[in-house]
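Undergrad: Pasting the sequence and the predicted coordinates here, then a few questions.
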Protein chains: 2
Amino acid sequence: MPSNPPEMAQFLRKLEARSSFRPDERKAILQLPFEPRQVQANRDFVTRGERVSHSCFVLKGMAGTFGQNREGHRQITSVFMSGDMIDLQTVVLPEAMSNLQALTTTTILQIPHSDLRRVGHRFPNIAEAFWRECVLDAAIVNEWVVNVGRRDARTRMAHLLCEVACRSGHATPENAFVFPFPVTQAQFADMLGLTPVHVNRTLKGLREGNVVNVAASSVEIVDWDRLADIGEFDAAYLQLGSLRNGKAPRAARCAPPAVQMAS
Amino acid sequence: MPSNPPEMAQFLRKLEARSSFRPDERKAILQLPFEPRQVQANRDFVTRGERVSHSCFVLKGMAGTFGQNREGHRQITSVFMSGDMIDLQTVVLPEAMSNLQALTTTTILQIPHSDLRRVGHRFPNIAEAFWRECVLDAAIVNEWVVNVGRRDARTRMAHLLCEVACRSGHATPENAFVFPFPVTQAQFADMLGLTPVHVNRTLKGLREGNVVNVAASSVEIVDWDRLADIGEFDAAYLQLGSLRNGKAPRAARCAPPAVQMAS
DNA sequence: CGATTGTTTGACGGGTCTCAAACTAAGTGG
DNA sequence: CCACTTAGTTTGAGACCCGTCAAACAATCG
């Protein structure tokens, strides 16, 4: 089991967006061991009910959790992209509560629960950061319930695109930008609780309105302000760095938070 | 701030359904201070974005979190009943991520974050139990996404009724039973992402099928097996031990759907 | 007993699904 | 380099589930 810093640095950076650590805590995180693993697109790598002994960090690619109804129709309940920890919650609840699937060819790093527990016990502040990370993921799922429950297809789609743009860290103050989003329309439909056919039509509508261009593997935002307006998007629930500490503006005109990926 | 054991015993019992404690840990939980508070039906008692300094435990009644779209249509994203801790997550993320509302007249106990943190730091095992509780709540929200995203009104409603029956601890091995569910059809609609009118019609369908009778303040399950079948309900995600009220919740009637890979 | 809130029912319209087929892009083997 | 295959996208026509609007009915309460 190789223990190379550079990969865990990405994990640390993610955590530090919402938590702060002392030097020794940082070091402990950077020294976490991991096992890289490649998963092909559309392949499940964790099954519901399975007992897992490690958590998965997305190094590259995209993955998601999903449930399905009796007819086998899927509903993706959360997506994770490069830099996200997928199932930190299995540290305290090792039974997987839903299936995990790679949406595209994905490289994940498996970090043993035993090691996560160890640093958590040694540094309560780190355990708290882990807990916080789970809470933040839950906030996103909460928003998804509102999205599929109370917004029509167009609004719903715009909202999700805004979320992904912000989370991927590619949203910029400029009005137009491009970011990778390598999912098929069928997968997109499963995130939105729609059929692929209707996703296609709705995408067409947004494209013809010169709002956004969703291609096979990337999204071109043509008019961010309109997209955020259509999607009724308020990034507060993402708790991204820039608007932390109090005064989250209520009707925050959905400006994309300038996420500074110190790269 | 009174510090009387009997109320916290309910909290402890809830935690012990999924975590186990040493005697001194139990004692620390039982001695948590709290401030009782009564909230009228349909009253918000926490607003999104607000910074809170305590977590809310439901002693009696029913409460929920909700979001809303631009037109003001609500989507309830989770419900909490007697014995549930509503927002334990604010311990690590004090900014409320969604509004909290009492669905009926509700008595809550406010437990200061400072005290929750204190016992969490002193007993890492308790902190872990808190974390686990948040994870379990998140699992329920996950299931709600599937529910509103991929199930039709009838199925969706049956599923939610099953969930509430199990969580409230009133589900029994018998086929028929009654449990309190004091919500209006409009509130029920907001949980399901439907309109009140359609909720009414769907309830009628279930009633005429001799499956379940939903009255103003309670639900009479006529045929649990059919209800669970209609709702495609599998209680696994609730992670209820067999410890709840001394009675095992009804075993899942539907086998988890077969997972099929995209072929 | 009137006022208010919640439930029930009907008629109608629309957003989304289903089914089906054509089209495009990408990969595979000859 | 070309048939062939396969996965994904696009478009159309029709059906249906659910939403909207409206009004009557029932229950609760001061």
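TA: Done, it's in.
Undergrad: any chance you could map the strands in the stretch 51-200 of chain A?
TA: Assigned by DSSP state E, counting those that start in this stretch, the strands in the stretch 51-200 of chain A fall at A:54-60, A:62-68, A:74-81, A:99-102, A:106-112, A:177-180.
Undergrad: okay, the ones you listed in TSV with mean pLDDT and mean neighbour count next?
TA: Heads up, the C-betas are built off the backbone N, CA and C, glycines and all. Rendered in TSV, the data for the strands of the stretch 51-200 of chain A read as follows (pLDDT from 0 to 100; neighbours: other CB atoms under 10 Å in any protein chain shown):
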stretch	mean pLDDT	mean neighbour count
strand A:54-60	96	22
strand A:62-68	97	24
strand A:74-81	98	25
strand A:99-102	96	23
strand A:106-112	97	21
strand A:177-180	94	16
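Undergrad: Reformat these as TSV; add distance to DNA strand D.
TA: Shown next, in TSV, are the strands of the stretch 51-200 of chain A (distance: least, CB to the nearest atom of the strand, whole Å):
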stretch	distance to DNA strand D
strand A:54-60	18
strand A:62-68	13
strand A:74-81	13
strand A:99-102	12
strand A:106-112	14
strand A:177-180	14
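Undergrad: wait, which of these is closest to DNA strand C?
TA: Closest of those to DNA strand C is strand A:74-81, at 10.8 Å (criterion: CB to the nearest atom of the strand).
Undergrad: quick one: average pLDDT of stretch A:207-222?
TA: Mean pLDDT, stretch A:207-222: 95.
Undergrad: May I see the strands of the stretch 51-200 of chain A arranged in CSV, with distance to residue B:216 as well?
TA: What follows is the strands of the stretch 51-200 of chain A, written out as CSV (distance: least, CB to CB, whole Å):
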stretch, distance to residue B:216
strand A:54-60, 45
strand A:62-68, 32
strand A:74-81, 32
strand A:99-102, 39
strand A:106-112, 50
strand A:177-180, 50
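Undergrad: Nearest to residue B:135, out of the ones you listed?
TA: Nearest to residue B:135, of all those, is strand A:54-60, at 12.1 Å by CB to CB.
Undergrad: Export that closest one to PDB, keeping only CA atoms.
TA: C-alpha atoms of strand A:54-60 as PDB (Å, rounded to 0.1, in the frame of the first residue of the first chain):
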ATOM      1  CA  HIS A  54     -12.600   1.600   3.200                       C
ATOM      2  CA  SER A  55     -13.800   5.000   2.000                       C
ATOM      3  CA  CYS A  56     -13.500   6.100  -1.600                       C
ATOM      4  CA  PHE A  57     -11.800   9.300  -2.800                       C
ATOM      5  CA  VAL A  58     -12.300  10.400  -6.400                       C
ATOM      6  CA  LEU A  59      -9.000  11.200  -7.900                       C
ATOM      7  CA  LYS A  60     -10.200  11.500 -11.500                       C
END
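Undergrad: what's it packed up against?
TA: helix A:5-16, strand A:106-112, helix A:113-122 (3 or more CB pairs under 8 Å, 6 or more residues apart in numbering or on different chains; DSSP states H and E).
Undergrad: was I right about residue A:54 contacting residue A:108?
TA: No. With contact defined as CB atoms under 8 Å, residue A:54 and residue A:108 do not form a contacting pair (9.7 Å).
Undergrad: before we move on, back to that, among the helices and strands packed on strand A:54-60, which is the most enclosed?
TA: Most buried of the helices and strands packed on strand A:54-60, by mean neighbour count (mean count of other CB atoms under 10 Å in any protein chain shown): strand A:106-112, with a mean of 21.
Undergrad: Could you measure from the residue of the stretch 151-263 of chain A found nearest chain B over to residue A:68?
TA: The minimum distance from the stretch 151-263 of chain A to chain B, using CB to the nearest CB, falls at residue A:193 (3.1 Å). The spacing between residue A:193 and residue A:68, counted by CB to CB, to the nearest Å, is 12 Å.
Undergrad: Need the overlap of contacts for the two.
TA: Common neighbours of residue A:193 and residue A:68, using CB atoms under 8 Å, 6 or more residues apart in numbering or on different chains, are A:75, B:150.
Undergrad: chain center to stretch A:15-23, what's the gap?
TA: Centroid separation for stretch A:15-23 versus its chain: 19 Å, with CA atoms, centre = their mean, to the nearest Å.
Undergrad: just stretch A:176-194 next, same as before
TA: Chain-centre distance of stretch A:176-194: 13 Å, with CA atoms, centre = their mean.
Undergrad: What of stretch A:76-92?
TA: Stretch A:76-92 sits 7 Å away from the centroid of its parent chain (CA atoms, centre = their mean).
Undergrad: ok, now stretch A:168-186?
TA: The chain centre lies 13 Å from the centre of stretch A:168-186; the measure is CA atoms, centre = their mean.
Undergrad: Repeat that for stretch A:140-148.
TA: Its chain's average C-alpha position is 13 Å from that of stretch A:140-148, according to CA atoms, centre = their mean.
Undergrad: Looking at chain A, which residue is nearest DNA strand D?
TA: For chain A, CB to the nearest atom of the strand, closest residue to DNA strand D: residue A:185, 3.3 Å.
Undergrad: what's that residue in contact with, if anything?
TA: With CB under 8 Å, 6+ apart, residue A:185 has these contacts: A:196, A:199, A:200, A:203.
Undergrad: 7 Å instead?
TA: A:196, A:199, A:200 (CB atoms under 7 Å, 6 or more residues apart in numbering or on different chains).
Undergrad: same check, this time on residue A:48
TA: So residue A:48 contacts A:96, A:97, A:98, A:99, B:256 (CB under 7 Å, 6+ apart).
Undergrad: start to end distance for stretch A:80-95?
TA: This stretch, stretch A:80-95, spans 19 Å end to end (CA to CA, to the nearest Å).
Undergrad: again, but for stretch A:62-77
TA: Length of stretch A:62-77, first residue to last, CA to CA: 14 Å.
Undergrad: do that stretch and chain B meet at all?
TA: Yes. Stretch A:62-77 reaches chain B (CB under 7 Å from any CB of the partner chain) through A:67, A:68, A:69, A:70, A:72, A:73, A:75, A:77.
Undergrad: and if you look at stretch A:216-226?
TA: No. Contact of stretch A:216-226 with chain B (CB under 7 Å from any CB) is absent, the minimum separation being 14.4 Å.
Undergrad: Would you mind listing the buried residues in that stretch?
TA: Buried positions in stretch A:216-226, judged by neighbour count with 16 or more other CB atoms under 10 Å in any protein chain shown: A:219, A:221, A:222, A:223, A:224, A:226.
Undergrad: CA atoms only: put it into PDB for me.
TA: Taking C-alpha atoms only, stretch A:216-226 is exported to PDB below (Å, rounded to 0.1, in the frame of the first residue of the first chain):
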ATOM      1  CA  ALA A 216     -21.100  14.900 -24.700                       C
ATOM      2  CA  SER A 217     -18.400  15.500 -22.200                       C
ATOM      3  CA  SER A 218     -18.400  19.100 -21.300                       C
ATOM      4  CA  VAL A 219     -20.800  22.000 -20.600                       C
ATOM      5  CA  GLU A 220     -20.400  25.400 -22.100                       C
ATOM      6  CA  ILE A 221     -22.100  28.100 -20.000                       C
ATOM      7  CA  VAL A 222     -23.100  30.800 -22.400                       C
ATOM      8  CA  ASP A 223     -25.000  33.000 -20.000                       C
ATOM      9  CA  TRP A 224     -24.400  32.200 -16.300                       C
ATOM     10  CA  ASP A 225     -26.800  34.900 -15.000                       C
ATOM     11  CA  ARG A 226     -29.700  33.600 -17.000                       C
END
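Undergrad: Nice, that's everything, thank you.
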